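Enquirer: fold the following.
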Amino acid sequence: MSQEGWYIPKFTATKDPSLLSYTGYQGNRTKLAKTFLRPTTWKEYCDKISGTRCGGDDPIAWRSPANEEENMRMYFEGVYKGHFRNTTKNDCGNNPETCTGHITNYPCWATTYVKEQASYHGIHLESDGGEDGSGYQSQQMKDIWRAANATKSHVVMLWWNTDPLFTEFMDSEAEFEKVFFPPPTQECIDARLAHEDDKCADKKPPETGMCDQASTCLKKVISTGLQKGDLTKDEARHSPAYEALRLFTITELRMIEIFKNYNELDSHRGAACEWVVDHFDIIMRDVPDSYPRKILPSGKSHHHYPWLYTASLVIGFSVVVAVLIVACLVHRFREKKAIKKAQVDFLFIVLAGLLAVSIGSIMEAAPSSDAGCIAATWLVNFGYTLEFSPLIVKVATINKLMQAAEKLKRITIKRNVMYEIVGAICSVAIILLAIWTSKDPELLIPSYALAVGNAEKVPSAGEPLVYYDVDVESFCDSKHAYWNYIAVTWNALLLLCTLVLTIQMRSVVRKDFNEAVPLSFMIYSHTLFAVMRLIDLGITRFVSKILVHQFLSIIYSLDVLAALGIYFGPKFVGFNKEAKGVKKFIFMPTVPSTNIVKNELNPSETPALILSTPKTHLGYLASNPEVEKI
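Expert: Purely as a prediction, here's the structure:
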């Protein structure tokens, strides 16, 4: 609480206790004029009062003021003691009807009610000072009180109790003693002049300011930025500043203690800090729950979602092992018809892509550095491209062969060209990833969470404090979320191309070349997991990002596992259905007059289509009993 009011020094109240109430001021004009004399500026004293013009052994001023600022001082420690004197305004002998005592007030433009209170209650006090003669500046008012203490002169001054000057004179002869007026009422307060009124006008004040000043509650001003800034952070990273300031209250008596420190230290910060150290137990009462906090080092930190973290790693490593096992099986049974006709080298490219995605999923679950985050981004997104590009090229080539056969055309398919197309598709992915990495790379970002139940008691300032542990776990993320959506869009485009070609492949006659069914199911599976990725990315604003990335790791792993089962599973299951003999040639008649033969005698050679007549075919069939006829 802060209260403004009239104050007199303690030595004045001791000499005349009646002056502690407004009733002691009423009516007696001569008493007030003789008691409360006018203060004198340093320059005015030297020019008009000092016999030596402050140049000799003057008991009041040891020298003249040196500059304009000193001219207006009412007291200067060690140099000017201050002086109070009778003026014509205090001369009741010559001016019995107009003489007044002096009251130290602010300038008339300030919001005070001294004139109203004095006029209504018949108190003959008047303020001087300033350019307009209505009041004094803050420094002059402080000087007047110090001068009164130094010269033991009586003063009455408008001041407030939450100011360092108030505490400076506590427990001294010049201690501030309040002059009491009738208690304030709402009616009185409402009727007072507003600040916008012309208080400097020479007019009789209304009879509305007769009551005492009401106490003013000290308000706290807190920037909403303290609260809004925390809303964008993890709960464990929230600053206690806003909540602590909201809870903090301080009494008038505590404020006085701080002002006492200020008078000794002459430093606002030092006074506040010293008070906090001396009253640490009071401060700790307003510390919000779960504070103070201590961030655990990486070696002692726990994972926010341990079960999910463990699951993502277990699934990720299991999928890596599954991809390697499938790769070994493909190499082991590379001479089997189901594997050979699926093109062994292309199968290894697909497996390389799946392996990259599975390794990227592990790095997504347990990132270790900025470089690891960038590597995970490349592995996952380039891995998907490496998986789909050979499938697109192979299916497109088979469709092209079938269309050529229907039109009885001779075509030559070069394996190098197929590799070049795969490389071109992968180059597009590399360019996109390079732009992503250069503009807004995924970097390691820490995520904080309170370790519930892990509070640690640590002695501090003589009291046992409870420190709440904060776990730190990191995840990989870019500044902007749209990069992940671009990556999903690229994968969706590859899926769409594969889907279109797969639909066209359904018309292929040879079942051992027709992969429409497993490819269709694999496309459906990838599409489902792509949708799950979009959903996972979309809920980032509602759940913890570390949770989103853990789920993302599991989605990648399960996507790879589903692709292995759908595309490679049927190839191994069909081994026992293959015929015992190995067919060296494939004979595919398309029309009665023309046939197509595909040479597979030398698998290392580029396959070619050979157009021949029925007679040639018949002779060839007669001399080659191992030809499979369709």
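Enquirer: OK, contacts around the nearest residue to D163 once chain neighbours are set aside?
Expert: Leaving out its chain neighbours, the residue that sits closest to D163 by Cβ to Cβ, 6 or more residues apart in numbering is F259, at 7.0 Å. Backbone N, C-alpha and C define where each C-beta goes, glycine included. By Cβ atoms under 8 Å, 6 or more residues apart in numbering, F259 lies in contact with T162, D163, P164, F166, T167, E168, A271.
Enquirer: likewise for L308?
Expert: L547, Q550, F551, I554.
Enquirer: what of K81?
Expert: Residues near K81 by Cβ under 8 Å, 6+ apart: P59, I60, A61, Y75, A147, A150, T151.
Enquirer: out of those residues, which two sit at the greatest distance?
Expert: Pairwise distances across the contacts of K81 (Cβ to Cβ) peak at 14.4 Å, for the pair P59 and Y75.
Enquirer: okay, the two: which has more neighbours?
Expert: Relative neighbour count places Y75 above the other of P59 and Y75, with 24 against 7, counting by other Cβ atoms under 10 Å.
Enquirer: could you check the pLDDT of that one?
Expert: Y75 is assigned 94 on the pLDDT scale.
Enquirer: thinking again about what came up before, ok, and the most crowded of the contacts of F259?
Expert: The most neighbours of any of the contacts of F259, using other Cβ under 10 Å, belong to T167, which has 22 neighbours.
Enquirer: per-residue pLDDT, that one?
Expert: Note for T167: predicted pLDDT of 83.
Enquirer: just S153 next, same as before
Expert: We have a pLDDT of 94 for S153.
Enquirer: let me know the secondary structure of it.
Expert: Under the three-state scheme (DSSP: H, G, I helix; E, B strand; the rest coil), S153 adopts coil.
Enquirer: burial measure for the residue nearest to it when sequence neighbours are not counted, as a count.
Expert: Distance criterion Cβ to Cβ, 6+ apart; nearest residue to S153, sequence neighbours excluded, is F84 at 4.2 Å. Residues lying near F84 (other Cβ under 10 Å) number 20.
Enquirer: and K409, by the same measure?
Expert: Each residue near K409 was counted by other Cβ under 10 Å, and the total is 11.
Enquirer: tell me the secondary structure of it, please.
Expert: Following three-state DSSP, we place K409 in the coil state.
Enquirer: distance of it from R415?
Expert: 20 Å (Cβ to Cβ, to the nearest Å).
Enquirer: closest one of the contacts of F259 to V517?
Expert: V517 has its nearest neighbour among the contacts of F259 in A271, at 83.2 Å by Cβ to Cβ.
Enquirer: now the particular helix or strand that has the closest one in it: buried residues?
Expert: Element membership of A271 [criterion: DSSP states H and E] is helix 268-278. Residues of helix 268-278 classed as buried: A271, E274, W275 (neighbour count, 16 or more other Cβ atoms under 10 Å).
Enquirer: what sits up against it?
Expert: Helix 268-278 has contacts (Cβ under 8 Å, 6+ apart) with R254, E257, I258, F259, N261, Y262, E264, L265, I283, A461.
Enquirer: nearest to E243 among those residues?
Expert: E243 has its nearest neighbour among the contacts of helix 268-278 in I283, at 13.6 Å by Cβ to Cβ.
Enquirer: any idea of the mean pLDDT for the strand or helix carrying the closest one?
Expert: Here I283 sits within helix 280-284, counting by DSSP H and E. Taken as a whole, helix 280-284 has an average pLDDT of 76.
Enquirer: which helices and strands does that helix pack with?
Expert: strand 463-477 (3 or more Cβ pairs under 8 Å, 6 or more residues apart in numbering; DSSP states H and E).
Enquirer: tell me the helix or strand right after the strand it packs on.
Expert: Later in the chain than strand 463-477, the nearest helix or strand by DSSP H and E is helix 482-505.
Enquirer: so where is the stretch 151-300 of the chain shaky, pLDDT-wise?
Expert: Within the stretch 151-300 of the chain, the stretches with pLDDT under 70 are 191-209, 215-234, 252-253, 263-264, 298-300.
Enquirer: helices of that one, start to end?
Expert: For the stretch 151-300 of the chain, the helices defined by DSSP state H, counting those that start in this stretch cover 164-168, 186-191, 225-231, 241-247, 252-265, 268-278, 280-284.
Enquirer: ditto for the stretch 1-150 of the chain
Expert: Going by DSSP H, counting those that start in this stretch, the stretch 1-150 of the chain shows helices at 10-15, 29-35, 42-44, 68-71, 114-121, 138-151.
Enquirer: can you list contacts of the fourth one?
Expert: Under the contact criterion Cβ under 8 Å, 6+ apart, helix 68-71 has outside partners T41, W42, K43, P65, F76.
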